[in-house]
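Undergrad: sequence and predicted model, in that order:
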Amino acid sequence: MKLLIYVAVLILGVWLWRAHRQPPSKGQPPVPGKSKSGALPHEMVACRACAMHIPAAEAVVGKLGSYCCAEHMNHSES
Ligand SMILES: [Zn+2]
């Protein structure tokens, strides 16, 4: 009976170790966009004027939202 417990603990340990390692062979599908923190390097935002998607780092941020260029921000917010 002791042997069964040892084997169970061993299997549990290996399973936990493998789950913690996350082997790359069985990867999960990539999670799109804004599911995690806002610090993603290539987060995309849509221009409120023309709906074009641009990287958040390059977006022009106005009072109402993000825009692809200052011209669209002025057009939408004035
Ligand atoms: Zn635009």
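TA: That came through fine. Numbering: from 1, shown residues only.
Undergrad: tell me the helix or strand right after the longest helix along the chain.
TA: Scanning the chain for the helix with the most residues, using DSSP state H, yields helix 2-21. Using DSSP states H and E, the helix or strand that directly follows helix 2-21 along the chain is strand 44-46.
Undergrad: sheet-wise, list the partners of that next one with their directions.
TA: Applying DSSP bridges, strand 44-46 is found paired with strand 53-55 (antiparallel).
Undergrad: if we look at the partner strand, which residues are touching it?
TA: Under the criterion Cβ atoms under 8 Å, 6 or more residues apart in numbering, residues His42, Glu43, Met44, Val45, Ala46, Cys47, Ser66, Cys68 lie in contact with strand 53-55. No exception for glycine: its C-beta is placed from N, CA and C like everyone else's.
Undergrad: so which of those residues are also by the ion?
TA: Residues of those in contact with the ion (Cβ under 5 Å from the ion): Cys47, Cys68.
Undergrad: mind checking the end-to-end distance for stretch 48-68?
TA: End-to-end distance for stretch 48-68: 8 Å, by Cα to Cα, to the nearest Å.
Undergrad: return the distance of it from the chain's centre.
TA: Relative to the centre of its chain, stretch 48-68 is centred 19 Å away, using Cα atoms, centre = their mean, to the nearest Å.
Undergrad: what residues of it count as buried?
TA: Residues Arg48, Ala49, Ile54, Ala56, Ala59, Val60, Gly62, Gly65, Ser66, Tyr67, Cys68 are the ones in stretch 48-68 that count as buried (16 or more other Cβ atoms under 10 Å).
Undergrad: farthest-separated two in the residues you listed?
TA: Ala49 and Ala56 (16.2 Å; Cβ to Cβ).
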